[in-house]
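Chemist: The following comprises the amino acid sequence and a computationally predicted model.
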Amino acid sequence: MKKSRPETRAPLYFCILFFSPEVDVGGVAEACLRFTPDLTVRRGERPAVFLEASRCLSLYRPDSLEARIRVLLREWGLEESDYRIARASSLPRAWLCAVEGISEAMIEEAPVSAIRALLDPLASYAEEERKIRILIETLFALGIRRLGGIRKLPPDSATSRFGEIYARLLDELRGGGEEFIWERFRPSEKFIERIDLDPDAVVWDLEPTLFHLKSLIDRTLRRAFGRGKSLVDLEFRIECERRRNRREFFTCTRIRFTFPQSEAGVILRSFREKLGYEFSRKELEAPIVAFELEALELSPRHSLQSDFVDSDQSREGFRELISELGAKLDLEKEVFQVELAPIWRPERSWRKILKEPSEVRSTVFPLPERPLTLFSPPEPLRRLGRYFFHQDRRYAIESFSQIERLSGEWWENDGGFTRTYYRVRVRPATESEEGESHRDFWVFRELLPGGKTGGIFLHGVY
């Protein structure tokens, strides 16, 4: 057991509440270890992950950390309707905010039934359930409907009537008192990722098997990355439908890598070769019903960005790196750093430089969402109903949201520009690309002089 409150920083807790009890809360917690080692989980019908983030605020601002958590959950295959994120100054208050869908400032407006969330957020005090229920019923009978109304009761008489449980409740409402004790989450030494197929989804062939394997590899890598590890030894199991009163494995394919791996493409190619041989050697006797990928051995992850050059001799290491790259590549065209430029158009808002490394400046959040891959110049898109056509490919539009409107540079020869940008989620719509995953496009529509609407352009890919 541990006390979670740091000595030098005000505590800040994030609560990720999942609406489905089927969520792999342990796997998500392992992936969240990349943000902070101080986290715990709640299991059962209302699973949740709690992060104590005060010690990582030198790396992330609260808004930035929440955005990163949402990206991680999206990569885990969860939609925003599958969970709710709340943050507060203590773990019980964060749980209450997540359950009620309110901010910490609105806690006193929560219904009196939320007392259970404040007093037992991790569902670990079953022996107090009866006392909590009696307290809620008594307060309700006294006409108290909101948590803020508890302050109206005489504290001495209420404490003598309800005992320690009421004193704890009052301290939590005041935001002080004794600290809530919780046990730090510790991941298992080995972990298994599993996909159980829908009874209607009949899988017999190699290609759909590789599609599901890619998903398992991605999830396994996220869990390993959260621990600062790479994958060394993996076993992939294909489970077939029950025949002869027993469930059979079509194959158990195990690969031990010479060097620890952290790239999904390398791992998938290795399994593709072995599975291709297995599928060509024998036929399936029954359809596949499940896939499992188990990480049998992990290794410390050394190839981190912080180790790109020697931290003790970073300046000399940087010079040596540039010299070696410049000897092999075009120093002016292919070896450079990037610096922001005071230009409104996104495709021209940066310039190439090459100078000594300097300290990283702090970034003011929130920042507008921008993709890492940017096209210069933007590439034209053609839209027909719910489809985009880009070059010779067709994409189905699933959802979109307006991000921002940019305009300016009226002094340029073209009279400036006005663009409305959208983030559009698409998926390949042609049969040859059905196995590809969803992608997010950064799309804008031009507004021409005179209020006329111009074309649609693809400016980047997230």
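Modeler: Okay, I see it. Numbers count the residues shown, from 1 in each chain.
Chemist: At which residues are the helices of the chain located?
Modeler: In the chain, the segments counted as helices under DSSP state H are 25-32, 62-75, 91-100, 115-119, 129-141, 155-162, 164-174, 206-226, 264-281, 314-328.
Chemist: burial measure for Phe259, as a count.
Modeler: 8 (other C-beta atoms under 10 Å). The C-beta positions use only the backbone N, C-alpha and C, and glycine is treated the same way.
Chemist: and the gap between it and Leu268?
Modeler: Applying C-beta to C-beta, to the nearest Å, the value for Phe259 to Leu268 is 16 Å.
Chemist: still on that earlier bit, highest average neighbour count across the helices of the chain?
Modeler: helix 91-100 (a mean of 24; mean count of other C-beta atoms under 10 Å).
Chemist: Provide the contact partners of that helix at residue level.
Modeler: For helix 91-100, contacts defined as C-beta atoms under 8 Å, 6 or more residues apart in numbering pick out 4, 13-17, 40, 42, 46, 48, 50, 52, 84-88, 102-104, 107, 110-111, 114, 117-119, 121-122, 172, 175, 180, 182.
Chemist: Centre of the chain to that helix, how far?
Modeler: Chain-centre distance of helix 91-100: 20 Å, with C-alpha atoms, centre = their mean, to the nearest Å.
Chemist: per-domain residue ranges of the protein.
Modeler: The chain resolves into domains spanning 13-174, 191-300, 309-353, 373-461 when parsed by automatic domain parsing.
Chemist: which of those has the lowest average pLDDT?
Modeler: Ranked by mean pLDDT, those bottom out at domain 309-353, with a mean of 65.
Chemist: quick one: the residue nearest to Glu172 when sequence neighbours are not counted from Tyr125, how far?
Modeler: Closest residue in space to Glu172, ignoring its immediate chain neighbours: Leu118 at 4.9 Å, by C-beta to C-beta, 6 or more residues apart in numbering. Per C-beta to C-beta, Leu118 is found 12 Å from Tyr125.
Chemist: do Lys352 as well
Modeler: Separation of Lys352 from Tyr125 (C-beta to C-beta): 60 Å.
Chemist: Would you check that the residue nearest to Glu172 makes contact with Leu169?
Modeler: Yes. Here Leu118 reaches Leu169: they are 6.3 Å apart, a contact under C-beta atoms under 8 Å.
Chemist: And the residue nearest the centre of this structure?
Modeler: Closest residue to the average C-alpha location of the chain: Leu72 at 1.2 Å, with C-alpha atoms, centre = their mean.
Chemist: tell me the contacts of the nearest residue to it once chain neighbours are set aside?
Modeler: Distance criterion C-beta to C-beta, 6+ apart; nearest residue to Leu72, sequence neighbours excluded, is Ala31 at 5.7 Å. Ala31 is in contact with 72, 76, 222-223, 225-226, counting by C-beta under 8 Å, 6+ apart.
Chemist: Which pair of the residues you listed spans the longest distance?
Modeler: Pairwise distances across the contacts of Ala31 (C-beta to C-beta) peak at 12.4 Å, for the pair Trp76 and Phe225.
Chemist: The closest residue to Ser399 other than its chain neighbours: neighbour count?
Modeler: Nearest non-adjacent residue to Ser399, counting by C-beta to C-beta, 6+ apart: Arg425, 4.8 Å away. As a burial measure, Arg425 scores 16 neighbours (other C-beta under 10 Å).
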